[in-house]
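Engineer: Give me coordinates for this.
(one chain, ligands or ions: 2)
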Amino acid sequence: MPRILPQVLRNLFRKPFTVKYPYVKVEPPEGYRGRLAINKERCIRCWLCIHTCPARAISVDKETKRPSIWLGRCTFCGECAEVCPTKAITMTKEFEYTTLYEK
Ligand code: SF4
Ligand code: SF4
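Structural biologist: Ligands and ions are numbered 1, 2, ... in the order given. Below you'll find the predicted structure:
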């Protein structure tokens, strides 16, 4: 106990490394892989995103005939955004959401 006492005393007066989320909002760093966004106008329906997704989280929406991402299954690897030739899929910094599908 006496050996760790100086460390304990030092830490008592240090600022905490954690933040009081959700009272304090944190800006994710550059390159953060958050919620995916699909720009419908840019999509040319090449389906490369569907074939690339390792989690099989993307399918063709029956109504819109465009990609639909099942966010509950997505691992946020970013492969679909990387492979999309028109940059129709982008990764946002958003990490607070309750929707299960991105269409
Ligand atoms: S890869 Fe891009 S352009 Fe091709 S279907 Fe997917 S979102 Fe549309
Ligand atoms: S980020 Fe990765 S897991 Fe999620 S939809 Fe795109 S390719 Fe699939």
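
Engineer: So which residue is smack in the middle of this protein?
Structural biologist: Computing the C-alpha centroid of the chain and ranking residues by C-alpha atoms, centre = their mean puts residue 34 first, at 1.9 Å.

Engineer: That one against residue 92, yeah?
Structural biologist: Yes - with contact defined as C-beta atoms under 8 Å, residue 34 counts as touching residue 92 (5.0 Å). For every residue, glycine as well, the C-beta is placed using N, CA and C.

Engineer: where do the strands sit along the chain?
Structural biologist: With strands called from DSSP state E, the chain shows them at 36-38, 58-60, 67-70, 89-91, 101-102.

Engineer: from those strands, which stretch is densest packed?
Structural biologist: Most buried of those, by mean neighbour count (mean count of other C-beta atoms under 10 Å): strand 67-70, with a mean of 21.

Engineer: just checking, what's the longest helix in the protein?
Structural biologist: Among the segments of the chain that qualify as a helix by DSSP state H, the longest is helix 5-12.

Engineer: Please enumerate residues in contact with it?
Structural biologist: Residues from elsewhere that reach helix 5-12, judged by C-beta atoms under 8 Å, 6 or more residues apart in numbering: none at all.

Engineer: next one: stretch 82-98
Structural biologist: Contact with stretch 82-98 is made by 27-28, 32-40, 42-44, 46, 48-49, 52, 67, 69, 71, 76, 78, 80-81, as judged by C-beta under 8 Å, 6+ apart.

Engineer: one step back: alpha carbons of the longest helix of the chain, as PDB, please.
Structural biologist: Extracted in PDB, the C-alpha atoms of helix 5-12 (Å, rounded to 0.1, in the frame of the first residue of the first chain):
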ATOM      1  CA  LEU A   5       0.200   6.000  -2.200                       C
ATOM      2  CA  PRO A   6       2.100   8.700  -4.200                       C
ATOM      3  CA  GLN A   7       0.500   7.400  -7.400                       C
ATOM      4  CA  VAL A   8      -3.000   7.500  -5.800                       C
ATOM      5  CA  LEU A   9      -2.400  11.100  -4.500                       C
ATOM      6  CA  ARG A  10      -1.200  12.200  -7.900                       C
ATOM      7  CA  ASN A  11      -4.300  10.700  -9.600                       C
ATOM      8  CA  LEU A  12      -6.600  12.400  -7.200                       C
END
